[in-house]
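In: I'd like to go over a predicted model; first the sequence, then the structure.
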Amino acid sequence: MAITLPLTVRHTTEGDIEAILRLEKSTDTAEWLGPTGRDYHEAALADPDQEHLLLFVGDELAGYGVLAGILDGGDIELRRMVIAPAHRSQGFGRRFVRYIVDYVRETYACRGMWLDMKCHNDRARKLYASEGFTSFVPARDGKLGRSYMRRKF
């Protein structure tokens, strides 16, 4: 018999940063991240054009996401989404993506969402593609070694 634990999403506070930093140092997490650390998260929390969200499974931190570009009415960037290793391959990442997409669509006047990832991150690419994101080539400022995906609303 399977037990389904409740998933909860809430806004991040400065008091959550230490737990996030521990999650980022986890095996098979750090290699996928760009800039990170306390300063990265404090800046995201202080920036009115970003939103930082936490995912909990029961009472345990299972992941987090960072949205950027929330004020301009264009496409909102899913700047980062991380799921803790202990919570991977259980559908929590998929449910978090769905929550974020629904949340963005209902909360912001935007055209859609976009994200980038390292080119060899096949697991992330498959997840996002299965949730309606499609590959695109940015008109400018693309980074070498990155794949770009978007979802229009």
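Out: Great, that's in hand. The structure displayed is predicted, hence computed values, not measured ones.

In: surely Phe153 touches Cys110?
Out: Yes: under the contact definition of CB atoms under 8 Å, Phe153 touches Cys110, with a separation of 7.0 Å. From N, CA and C alone the C-beta is placed, and that goes for glycine too.

In: neighbour count winner among those two?
Out: Neighbour count, other CB atoms under 10 Å: between Phe153 and Cys110, Cys110 has more, with 17 against 13.

In: what's the distance between the more buried one and Thr134?
Out: Separation of Cys110 from Thr134 (CB to CB, to the nearest Å) stands at 17 Å.

In: do Asn121 as well
Out: From Asn121 over to Thr134 the distance is 16 Å, taken as CB to CB.

In: return the residues in contact with the residue positioned nearest the centre of the chain.
Out: By CA atoms, centre = their mean, the mean C-alpha position of the chain lies nearest to Met81, the distance being 2.2 Å. Met81 makes contacts with 63-66, 93, 96-97, 100, 115, as judged by CB atoms under 8 Å, 6 or more residues apart in numbering.

In: tell me where the chain has strands.
Out: Chain-ordered strands for the chain, with DSSP state E as the definition, fall at 7-11, 50-57, 60-68, 75-83, 112-118, 134-135, 146-152.

In: return the most buried member of those strands.
Out: Comparing the strands of the chain by mean neighbour count (mean count of other CB atoms under 10 Å), strand 75-83 ranks first with a mean of 22.

In: what mean pLDDT does that strand have?
Out: The average pLDDT for strand 75-83 rounds to 93.

In: quick one: strands adjacent to it?
Out: If you go by DSSP bridges, strand 75-83 pairs up with strand 60-68 (antiparallel), strand 112-118 (parallel).

In: where among the ones you listed is the average confidence lowest?
Out: For the strands paired with strand 75-83, the stretch scoring lowest in mean pLDDT is strand 112-118; its value is a mean of 90.
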